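> just the structure for this:
(chains A and B)
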Amino acid sequence: MFSEEKLNKVKEIIARYPAGKQKSALIPVLHLAQEEFGGWLSSETMDYVASLLQITPIEVYEVATFYSMYNLKPVGKYVFEVCQTGPCMLRGSDNIIDYIKKKLDIGVGETTTDGLFTLKTVECLGACGYAPMMQLGKHYREHLTPEKVDAIIEECRSKAN
Amino acid sequence: MGRKLLFDKAHIEGIRYYDVYRANGGYGSAEKALKSMSPEQVLDEVKKSGLRGRGGAGFPTGMKWSFIAKPEGVPRYLVCNADESEPGTFKDRYLMEFIPHLLIEGLLISSYTLGCNSCYIYIRGEYAWIPDILEEAIADAKKNGWLGKNIQGTGFDLEIYVQRGAGAYICGEETALIESLEGKRGNPRIKPPFPAVKGLWDCPTVVNNVETLATVVPILRIGGEEYAKYGTGKSTGTKLISACGNINKPGVYEIEMNISVEEFIYSDEYCGGIPNGKRLKACIPGGSSVPILPANLLLKTAKGEPRMMTYESLSDGGFATGTMLGSGGFIVLDEDQCIVKNTLTFARFYHHESCGQCSPCREGTGWMKRVLLNIENGKGKMSDIDLLWDIQRKIEGNTICPLGDAAAWPVAAAIRHFRDEFEWHVLHPEEATKRNYGLAHYADPLEIAAPAAV
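Residues are numbered from 1 along each chain as shown, chains lettered A, B, ... in the order given. Modelled structure (predicted):
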């Protein structure tokens, strides 16, 4: 269940659309739900969102499964989403992905055993001039080098402790 | 130095904030439009400017606006397409992040012209920090009487809302964007009806790119006719180009559309040349979906004329020897880059981003990806090259939206111009897996550049 503050946020989002068009709030509300409930969307969470917006659960599932930013399985506390599309590849994203795999001893799509890190590859994040890059939470980490990756991992570990 | 219209004040410290923006002439164009011009007069200025949509398709903006239906008692909507997801393109991000009020002012003028009282900015979900910047700017504009009810006492009302997407390239296509804004999967709609007649919630809707809408501000400031004096031919005004890949100075540049491609790549004002003394091999000048060109055809057209950074010059020769300006996502490849691998990354991208609605795109993009992966991994056959050609021909033009074309063109152009490199991969499977293969014989830009330098 959302806190009262989040429920007010949901109401505020619904108010952006004309009466009866509250389904338009689905994508923003799923973002809220994912943030609030552990970084992923369980079927219980999706059913809850359906009840909030007065739409059927299938309408939520079909959206949640379409967009790549929604996680339908649990993920680590920190998700490294490394771009692997052309412009990033030209600037060495392959090496960065390999480096992270070795450093964290996981493959793409996997989570470290301590539940701290998940590695994902993603398609073009629109930061091609700042390649290679990745998304971490709400922000981008750009011009990545192995040293920068080391520093980011340390930063996450110290925050988690 | 090229003249600037969008970035002319970008260097001013704090231009992101209302007070600084206003103190430097901000909202002057909106004031002019709302207080002294009718919507028809504003539309006329936009038409005179010759502005073409800056999202990629390049359709004339004034004409698009004039198509909007005006049935009695039905609301009209303006949707700002900020779903910037084309590989190579990152220009709108810069505008929204550093000069958000320029966009808000553009939205205000455009909404007034179109008769819209609600406007939605649909921004790609990954740009998760930018909605906060935009919402702060919207709140400041509202506090100062530029949004809300009875704007500046003119009787005009406007609300602007920001909506984040959730990671889907296809939502940059205007009808898929509308579907997404309605809370559905981003499946493009069959046109007609066009959004201008039946768009968001079945109401008349105009969808324009961020840069297009921001450009309305300088058009109103200097007038449509003056704006049209910038650039050349049908490529009027200035254009934002986001440059990336193997260049010394990646970044977002505002160019007046009368400079050559060679100047853009090699001059210090723009890309600053290729790093490490490497030679130019190829370039994709308008975002990943436009055809890649080898260096010799990039710097000069097939007729031997210098290739210019304009809609007309880049497309000179059609797809046989030309390409497109597209969204201005300028991707440069140096001599060490492997065309097969580069093509594979784009095939993988389009396969990942296909919405799956049309079979040729859903099946064809995955098929192209798998064949390219085989060639890249040294497991390809000569017949695979013809197979790739055949698949892309069967996708192009056979889908509801242009994603199919966008997926087909990079593969077609790579085979057309670099077939020998694909063949080399097939014939040298072991070497192909060990190192990148750079073909240096396509052009020597140093030779081409020499006369200009002298």
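> domain assignment for chain A?
In terms of domains, chain A is parsed into A:4-66, A:78-160 (source: the TED database).
> for residue B:307, which non-adjacent residue is closest in space?
Spatially, and ignoring its direct neighbours in sequence, residue B:307 is nearest to residue B:261 (4.6 Å; Cβ to Cβ, 6 or more residues apart in numbering or on different chains). (C-beta placed from N, C-alpha, C; glycine too.)
> residues in contact with the one you found?
B:283, B:285, B:298-299, B:306-309, B:314 (Cβ atoms under 8 Å, 6 or more residues apart in numbering or on different chains).
> from residue B:320, how far off is it?
With distances taken as Cβ to Cβ, to the nearest Å, residue B:261 is found 18 Å from residue B:320.
> one more: residue B:196?
With Cβ to Cβ as the criterion, residue B:196 and residue B:320 are 34 Å apart.
> quick one: which of these two has more around it?
Of the pair residue B:196 and residue B:320, residue B:196 is the one with more neighbours under other Cβ atoms under 10 Å in any protein chain shown, namely 19 against 11.
> number of residues surrounding the residue nearest to that one when sequence neighbours are not counted?
Using Cβ to Cβ, 6+ apart and skipping residues adjacent in sequence, the residue nearest residue B:196 is residue B:67, 4.1 Å away. Look at residue B:67: counted by other Cβ under 10 Å, it has 12 neighbours.
> residues in contact with residue B:125?
Residue B:125 touches A:27, A:31, A:67, A:69, B:164-167, counting by Cβ under 8 Å, 6+ apart.
> right, I mislabeled it, should have said residue A:38
Residues near residue A:38 by Cβ under 8 Å, 6+ apart: residue A:74.
> give me phi/psi at residue 58?
Just so you know, I chose chain A. Dihedral pair for residue A:58: phi -60, psi -30, per degrees, to the nearest 10.
> against chain B, how distant is it?
12 Å (Cβ to the nearest Cβ, to the nearest Å).
> look up how far residue B:256 lies from that residue.
Look at residue A:58 and residue B:256: by Cβ to Cβ, they are 52 Å apart.
> neighbour-wise, which of these two wins?
Neighbours were counted for residue A:58 and for residue B:256 using other Cβ under 10 Å; residue B:256 has more, 19 against 10.
> residue B:231 is in contact with that one, correct?
Yes: assessed by Cβ atoms under 8 Å, residue B:256 is found in contact with residue B:231 at 5.9 Å.
> common neighbours of the two, please.
Common contact partners of residue B:256 and residue B:231 (Cβ under 8 Å, 6+ apart): B:237-238.
> where is the longest helix in chain A?
helix A:146-160 (DSSP state H).
> elements contacting that helix?
strand A:78-83, helix A:93-104 (3 or more Cβ pairs under 8 Å, 6 or more residues apart in numbering or on different chains; DSSP states H and E).
> ok, residues contacting that helix?
So helix A:146-160 is in contact with A:77-78, A:80, A:95-96, A:99-100, A:103-104, A:116-117, A:136, A:141, going by Cβ under 8 Å, 6+ apart.
> again, 10 Å this time
Applying Cβ atoms under 10 Å, 6 or more residues apart in numbering or on different chains, the external contacts of helix A:146-160 come out as A:76-78, A:80, A:82, A:95-96, A:98-100, A:102-104, A:114-117, A:132, A:134, A:136-137, A:141-142, A:144-145.
> which among these end up buried?
By neighbour count, with 16 or more other Cβ atoms under 10 Å in any protein chain shown, these hold A:76-78, A:80, A:82, A:96, A:99-100, A:104, A:116-117, A:132, A:134, A:136, A:141, A:144 as buried.
> how about the residues you listed, which pair is most distant?
Largest separation among the buried ones among the contacts of helix A:146-160 by Cβ to Cβ: A:77 and A:132, giving 22.8 Å.
> show me where pLDDT drops low in chain A?
Nowhere does chain A drop to pLDDT under 70.
> re earlier: can you tell me which of the contacts of helix A:146-160 are up against chain B?
Contacts with chain B within the contacts of helix A:146-160, counted by Cβ under 10 Å from any Cβ of the partner chain: residue A:137.
> the residue nearest to residue B:196 against residue B:204, yeah?
Yes: at 9.0 Å, residue B:67 counts as touching residue B:204 under the criterion of Cβ atoms under 10 Å.
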